[in-house]
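Asker: Make a model of this:
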Amino acid sequence: MECEKMADAMLQKNYSTIVDYTYPKIVEMAGGKPALLKAVKSSFEKMDKSFFIDKITFGKPQKVYVAGKELHCIVPETLTINTNKGKMQATYSLLAISQDNGRKWYFLETHKFTPEMLKKIFPNFNYDLQIPKNSKPILID
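Answerer: The predicted model follows:
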């Protein structure tokens with residue numbers, strides 16, 4: 001599954017691969033690949049000072065929806081994070097997007113999506129696809 005390749009890149013801090021799996025409109029909005037690469041690296045460096053991702057797992061991809069010329073679906077994602085307060089876990093909704101009928105998939109975490117952002121990023125979004133609420137992180141260790 002392509003989301004697992006992206007997750008491996010996150011765990012290994014392979015910033016270039018992370019950007020390769022980022023939806024092209026987001027890359028464009030960030031000012032292009034070099035600018036996004038710099039932002040991703042900076043974000044990971046800041047994150048490393050307070051916590052680090054220990055494990056990423058995925059649930060079964062949900063129903064695929066046609067949205068204009070794209071395919072969209074939700075993939076449940078569980079993150080296990082080590083913090084100075086202990087090990088925490090949270091489940092999020094990863095939005096998978098394909099622009100070529102499923103051959104290549106891009107991914108976006110939805111936990112910061114607002115309806116306005118959704119309209120700006122995806123003018124043809126199919127609102128039959130419901131983005132589930134994310135869980136709050138819980139202490140597991």
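
Asker: When you work out contacts or count neighbours from here on, use the C-alpha atoms and nothing else.
Answerer: Will do.

Asker: Would you mind writing the CA trace of the longest helix along the chain as PDB?
Answerer: In the chain, ranked by residue count with DSSP state H as the criterion, the top helix is helix 33-48. Provided in PDB are the C-alpha atoms of helix 33-48 (Å, rounded to 0.1, in the frame of the first residue of the first chain):
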ATOM      1  CA  LYS A  33       8.900  21.300  -4.000                       C
ATOM      2  CA  PRO A  34      12.100  23.000  -2.600                       C
ATOM      3  CA  ALA A  35      10.000  25.300  -0.300                       C
ATOM      4  CA  LEU A  36       7.900  22.400   1.000                       C
ATOM      5  CA  LEU A  37      11.000  20.200   1.500                       C
ATOM      6  CA  LYS A  38      12.500  23.000   3.700                       C
ATOM      7  CA  ALA A  39       9.200  23.300   5.600                       C
ATOM      8  CA  VAL A  40       8.800  19.600   6.200                       C
ATOM      9  CA  LYS A  41      12.400  19.300   7.400                       C
ATOM     10  CA  SER A  42      11.900  22.200   9.700                       C
ATOM     11  CA  SER A  43       8.700  20.800  11.000                       C
ATOM     12  CA  PHE A  44      10.300  17.400  11.800                       C
ATOM     13  CA  GLU A  45      13.300  19.100  13.500                       C
ATOM     14  CA  LYS A  46      10.900  21.100  15.800                       C
ATOM     15  CA  MET A  47       8.800  17.900  16.400                       C
ATOM     16  CA  ASP A  48      12.000  16.000  17.400                       C
END
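
Asker: tilt between the next helix-or-strand element following that helix and helix 33-48?
Answerer: Downstream of helix 33-48, the first helix or strand assigned by DSSP states H and E is strand 51-58. Here strand 51-58 runs at an angle of 110 degrees relative to helix 33-48 (axes from the mean of the first three to the mean of the last three Cα atoms, to 10 degrees).
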